[in-house]
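The following comprises the amino acid sequence and a computationally predicted model.
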Amino acid sequence: MQRTALSSEAVLKELKKSASVWNNYNKSVYTDTQKTFLREHLEDAINRARALKDYQNPSSRIYRLLEVLENKV
């Protein structure tokens, strides 16, 4: 579990190591393959975020935004 802030460079490095779909990632530009990858993993991300305690992690309530965007609320 990550407990300290990461620089943008470090985040990009970890992202690119996480799955080959991110090897050619450029900030603010997503390929169709990357968009598909994100959609396929959205429900897992929402479920993990729901399990976090509110306000103890910056991602703990992001699932609420994702649900609104997906019209699930």
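Thanks, I have it. Residues are numbered from 1 along each chain as shown.

other SSEs contacting the helix or strand where T33 lies?
Element membership for T33 (DSSP states H and E) is helix 32-51. If contacts are counted by 3 or more CB pairs under 8 Å, 6 or more residues apart in numbering; DSSP states H and E, helix 32-51 sits against helix 62-69. The way it works is simple: take the backbone N, C-alpha and C, and place the C-beta from them, glycine included.

The helix it packs on to helix 32-51, inter-axis angle?
120 degrees (axes from the mean of the first three to the mean of the last three CA atoms, to 10 degrees).

Point to the residue nearest the middle of this structure.
Most central residue of the chain, judged by C-alpha distance to the mean C-alpha position with CA atoms, centre = their mean, is A45 at 6.8 Å.

Show the low-confidence segments of this protein, by residue range.
Along the chain, the model assigns pLDDT under 70 to residues 1-6, 59, 72-73.

can we see that at 90?
Applying pLDDT under 90 to the chain picks out residues 1-16, 22-31, 38-39, 42-73.

I'd say L38 and Y30 touch.
Yes. Applying CB atoms under 8 Å, one finds L38 in contact with Y30, separated by 7.5 Å.
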